[in-house]
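Trainee: Quick one: sequence plus predicted model below, questions after.
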Amino acid sequence: MEKSLHKDPALAAAFVAASLEGWRYAFDHPDEALDIVIKHMREANLPANRMHQKWMFERMRDLMMPTASPALLGQLKEQDYEAAGQALQKDGLIRTYPAYSAFVWRPDARKK
């Protein structure tokens, strides 16, 4: 993925922007988002429980927008990244993880 990022940073920026736009829409229209998820789960013959999916959706909102400010949607704090990396290491799920500065990419990073 890093190779693709360096090859076409504009495409990466567009992907990030479109993904965040999709999450904003989903958070603004939770019933519609849940209907779509349940539909696709049923089409894939996966167990579909709306209450559980709603709980999962709310947890995604907690993770992606930890404050009431929509401007902060999708921003990963370094302390949260480190806590997750350390927990995964402690549980033996990963051996190493990249530094926060290598993991987080912003389209304007070169400008600063």
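Mentor: That came through, no problem.
Trainee: Report how many residues lie close to Val104.
Mentor: Other residues near Val104 number 14, with proximity taken as other CB atoms under 10 Å. For every residue, glycine as well, the C-beta is placed using N, CA and C.
Trainee: Same check on Leu88?
Mentor: Leu88: 13 surrounding residues under other CB under 10 Å.
Trainee: for it, phi and psi?
Mentor: Here is the backbone geometry of Leu88 (degrees, to the nearest 10): phi -60, psi -40.
Trainee: right, and it touches Ile94 too?
Mentor: Yes - using CB atoms under 8 Å, Leu88 is in contact with Ile94, at 4.6 Å.
Trainee: Next, the buried residues of the lengthiest helix in the chain.
Mentor: Assignment by DSSP state H gives helix 9-28 as the longest helix of the chain. For helix 9-28, the neighbour count (16 or more other CB atoms under 10 Å) marks Ala12, Trp23, Ala26, Phe27 as buried.
Trainee: could you dump those to JSON lines with pLDDT and distance to Arg50?
Mentor: Below are the buried residues of helix 9-28 laid out as JSON lines (pLDDT from 0 to 100; distance: CB to CB, whole Å):
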{"residue": "Ala12", "pLDDT": "86", "distance to Arg50": "34"}
{"residue": "Trp23", "pLDDT": "92", "distance to Arg50": "19"}
{"residue": "Ala26", "pLDDT": "95", "distance to Arg50": "15"}
{"residue": "Phe27", "pLDDT": "92", "distance to Arg50": "17"}
